[in-house]
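K.L.:
Below are the sequence and a predicted model for it; my questions follow.
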Amino acid sequence: MTIAWNAERAGAIIDEHRALRGALLPVLHALQEEFGYIDAAATPLLASALTLSQAEIHGVVTFYHEFRRSRPGRHVVKVCVAEACQARGSESLVEGLKARLGIDLGETAADGSFTLEAVYCLGNCALGPSVMVDDRLHGLFHASRLDGVLE
Amino acid sequence: MSRPITVYVPRDAAALSVGADAVARAILAEAEARHLPVRLIRNGSRGMLWLEPLVEVVTANSRMAYGPVTPDKVAELFDAGFLEGASHPLCHGPTEDILYLKHQNRLTFARCGVTDPLSVEDYRAHGGFAGLERALALSSDEIVAEVTQSGLRGRGGAGFPTGIKWKTVLDARADEKFICCNADEGDSGTFADRMIIEGDPFLLIEGMTIAALAVGARQGFVYLRSEYPHAAATLRDAIRIAYRQDWLGEDIHGSGRAFHLEVRLGAGSYVCGEETAMLESLEGKRGMVRAKPPLPAMEGLFGKPTAINNVLTLTSVPVVLARGAAFYRDFGAGRSHGTQPFQLAGNIRYGGLVELAFGVSLHDLIYRYGGGTASGRPVRAVQVGGPLGAYIPAGRLEVSADYESMAEAGAMLGHGGMVVFDDSVRMERMARFAMEFCAKESCGKCTPCRIGSIRGVEILDRLAGGGHSEADLALLEDLCAVMAEASLCAMGGLTPLPVRSALEHFPEDFVSGRTA
């Protein structure tokens, strides 16, 4: 479970990683793991700790699809939309998930329950269509199984 | 109480994705209820993915295979006597005798699915670290010579001779050098990197350590995609264990030689699989492609000479050292020496990993191993080598799977992934997807890729919308030529490959008015 944004905790996480060479990605991963996203308030903290400009930090955060800039839902559903899963029917899976969750790809439900994200390949290309629900991989997936895998 | 019976249930992510954990729990619960002693080992996957979760039981003579096992079948398997290797509708006989596996040339994947991935003892009992032990007794030049003579070429797609790359790094003069493993396996249809990291992680550690000894590096990084959390956890565990048992660190097994290894995660960017974008990402920057020269072998990570190799290249190195260059070189066809772990994916009946010497035909891979489509409909197209690879029509699959033959056929082997589509595929959509993917994943540094891909999507949308015109087809061809010739890297440079192959082999799909 992630916790609410907390500048003090963020500072501690940055301190843990700042000595690494090329520290920015590891520290962004650590921040996202703790808070579920990269809060805008982290930018000046990172810039000062890593001697980078705020523009550079912003550039990196926005370059990578994985980094979120707003708090995700309690569950994050990543659905593979790459070719191998397309060949196994991912298009109807995506439609099924959108209908079940009432949100589009890239959106978070208004009640904060779910975030639905498209990803390109989860490495399960012989057993697609595949989803990753909160870091757990599921193959041969159908939208009707979503509630079952959350238990 | 008799001796415990050893049962294997894979911990590979593909097996987990179809319920391997639940099966493992059910087996332990059932064994306890019946007071039967069972020793459960979580192995890697054998690569026969349609049989996952594939449970193996160790009997007097062999390992018996049962799959795909579901938790509700476990009690039935115990009733049938599967702990004694008894027959059952889910039983496939001894695992090693399953034809899919039996005729493979498992050099790189020799241990994958056989051993406990996190047991050094198991690894060594099956020949692990023999290559490194030999390398520790050789000079850097001798290691490089051995790898050069083996004919090993980069398995990431470009097929550059590994020994020559290493020689360049070895000869570069610098206070510091690096080994970087490109484990950003982003191509759809590929999962060999993930499987070997989860199933035999010490093999990658061994290969990287040999590479470090060869080029004179003390530090290595594995750049692993963040979409692989299971692989990341397994590799980090393996690295910790390797440090503890002196296979990594300041003094590798009493040799006085040092090598340190660290895992770094990507963050969902496909272009970071391009080697210079990967270096930028490792340095903590946006994954913007660098212009070459300078080559990374001269000025790579943090400006230092860096050997960058793919997971499958590095995991092929230990067997080259352990069994000698000649042994490895004897596998293969023409100038493609050794073996390639092919990955059968998409709409395929028997999907999985097939490691064979180069030279097998795509037809054999798709039909003899893969059994055709999962849907039972005819194969229409196979995309080989990831999202930047060509679509090959069903009638042209007799081509030999090696670097040169594929290039002659206007395709590329890439990372060895094959995505099969049946006759319901709409190729004009796949062509559009290729352009759309490039537009989303372009690093933005060069114009042909950044803008060209967006223009490509627009043209393909016009064609699909019924505005079919010779002018648009000519414009698309012109655009593809510019992207192929003028892009800075393979992202923009190869995106035309799937688009042009779709146009060439399936022109009927681009005629307006075609209905699904």
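P.N.:
Okay, I see it.

K.L.:
Which residue of chain A lies farthest from its centroid?
P.N.:
Distance to the chain centre peaks in chain A at A:Thr51, reaching 26.4 Å (criterion: C-alpha atoms, centre = their mean).

K.L.:
What helix or strand is the residue nearest to A:Ser144 when sequence neighbours are not counted located in?
P.N.:
Counting by C-beta to C-beta, 6 or more residues apart in numbering or on different chains, A:Gly96 is the residue found nearest to A:Ser144 once chain neighbours are left out, at 7.4 Å. Where C-beta positions appear, they are placed from N, C-alpha and C, glycine not excepted. Taking DSSP states H and E as the definition, A:Gly96 sits inside helix A:90-101.

K.L.:
And the contacts of the helix or strand following that helix?
P.N.:
Downstream of helix A:90-101, the next assigned helix or strand under DSSP H and E is strand A:107-108. Residues outside strand A:107-108 that contact it (C-beta atoms under 8 Å, 6 or more residues apart in numbering or on different chains) are A:Ser70, A:Arg71, A:Pro72, A:Gly73, A:Phe114, A:Thr115, A:Leu116.

K.L.:
and these, which are buried?
P.N.:
Buried subset of those (neighbour count, 16 or more other C-beta atoms under 10 Å in any protein chain shown): A:Arg71, A:Pro72, A:Gly73, A:Phe114, A:Thr115, A:Leu116.

K.L.:
pLDDT score assigned to the residue nearest to A:Ser144?
P.N.:
Looking at A:Gly96, its pLDDT is 97.

K.L.:
what's near enough to touch A:Val79?
P.N.:
Contacts of A:Val79 by C-beta under 8 Å, 6+ apart are A:Ser90, A:Leu93, A:Val94, A:Leu97, A:Leu105, A:Leu116, A:Glu117, A:Ala118, A:Val119, A:Pro129, A:Ser130, A:Val131.

K.L.:
Pull out the buried positions in the helix or strand where B:Val7 lies.
P.N.:
Assigned by DSSP H and E, B:Val7 belongs to strand B:5-8. For strand B:5-8, burial by neighbour count (16+ other C-beta under 10 Å) applies to B:Ile5, B:Val7, B:Tyr8.

K.L.:
Any chance of those residues in CSV with distance to chain A as columns?
P.N.:
Below are the buried residues of strand B:5-8 laid out as CSV (distance: C-beta to the nearest C-beta, whole Å):
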residue, distance to chain A
B:Ile5, 28
B:Val7, 22
B:Tyr8, 19
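
K.L.:
Residues in contact with the lowest-mean-pLDDT helix or strand in chain A: which ones?
P.N.:
Sorting the helices and strands of chain A by mean pLDDT, DSSP states H and E puts helix A:146-150 at the bottom, at a mean of 90. With contacts defined as C-beta under 8 Å, 6+ apart, helix A:146-150 is touched by A:His75, A:Val77, A:Leu97, A:Arg100, A:Val133, A:Arg136, A:His138.

K.L.:
swap the cut-off to 7 Å and go again
P.N.:
Residues from elsewhere that reach helix A:146-150 (C-beta atoms under 7 Å, 6 or more residues apart in numbering or on different chains): A:His75, A:Arg100, A:Val133, A:His138.

K.L.:
What about those, which are in strands?
P.N.:
A:His75, A:Val133, A:His138 (DSSP state E).

K.L.:
what's near enough to touch the second one?
P.N.:
This points to A:Val133. Here A:Val133 is in contact with A:His75, A:Val77, A:Val149, A:Leu150 (C-beta under 7 Å, 6+ apart).

K.L.:
List just the nearest of these to B:Pro496.
P.N.:
Distance to B:Pro496 across the contacts of A:Val133 (C-beta to C-beta) is lowest for A:Val77, with 33.4 Å.

K.L.:
Assess the claim that B:Ala484 and B:Pro496 are in contact.
P.N.:
Yes. Here B:Ala484 reaches B:Pro496: they are 4.7 Å apart, a contact under C-beta atoms under 7 Å.

K.L.:
from chain B, which residue is nearest to chain A?
P.N.:
B:Gly351 (2.6 Å; C-beta to the nearest C-beta).

K.L.:
Grab the nearest non-local neighbour of that residue.
P.N.:
The spatial neighbour of B:Gly351 that comes closest, neighbours along the chain excluded (C-beta to C-beta, 6+ apart), is A:Ala126 at 2.6 Å.

K.L.:
Isn't that neighbour up against B:Ala345?
P.N.:
Yes. Contact criterion C-beta under 7 Å: A:Ala126 and B:Ala345 qualify, at 4.9 Å.

K.L.:
Spit out the residues that contact those two alike.
P.N.:
Going by C-beta under 7 Å, 6+ apart, residues that sit against A:Ala126 and also against B:Ala345 are B:Gly351.

K.L.:
The two: who's more crowded?
P.N.:
B:Ala345 (34 against 30; other C-beta atoms under 10 Å in any protein chain shown).

K.L.:
a strand runs through that one, doesn't it?
P.N.:
Yes. Counting by DSSP: H, G, I helix; E, B strand; the rest coil, B:Ala345 is part of a strand.

K.L.:
Look up how far A:Leu31 lies from it.
P.N.:
Distance of B:Ala345 to A:Leu31, computed by C-beta to C-beta, to the nearest Å: 34 Å.

K.L.:
repeat for B:Ala431
P.N.:
Between B:Ala431 and A:Leu31 the computed distance is 39 Å (C-beta to C-beta).

K.L.:
Between these two, which is the more surrounded one?
P.N.:
A direct count of neighbours by other C-beta under 10 Å for B:Ala431 and A:Leu31 places B:Ala431 higher, at 29 against 24.

K.L.:
How about the secondary structure of the nearest residue to that one once chain neighbours are set aside?
P.N.:
Closest residue to B:Ala431 in three dimensions, ignoring its sequence neighbours and counting by C-beta to C-beta, 6+ apart: B:Ala502, at 4.2 Å. Secondary structure, three-state DSSP: B:Ala502 is helix.

K.L.:
B:Ala307 too?
P.N.:
Per three-state DSSP, B:Ala307 ends up strand.

K.L.:
Which residue, other than its chain neighbours, is closest to it?
P.N.:
Per C-beta to C-beta, 6+ apart, closest to B:Ala307 is B:Val169, 4.5 Å.

K.L.:
Tell me who's in contact with that neighbour.
P.N.:
B:Lys177, B:Val215, B:Ala297, B:Pro305, B:Thr306, B:Ala307 are the contacts of B:Val169 under C-beta under 7 Å, 6+ apart.

K.L.:
three-state assignment of it?
P.N.:
helix.

K.L.:
and the one residue in chain A that gets nearest to chain B, what does it touch?
P.N.:
Closest approach between chain A and chain B, counting by C-beta to the nearest C-beta: A:Ala126, at 2.6 Å. For A:Ala126, the contact set (C-beta under 7 Å, 6+ apart) comprises B:Leu49, B:Leu344, B:Ala345, B:Ile348, B:Gly351, B:Gly352.

K.L.:
Sheet partners, orientation included, of the strand holding B:Val7?
P.N.:
Sheet pairing of strand B:5-8 (DSSP bridges) gives strand B:38-41 (parallel), strand B:55-58 (antiparallel).
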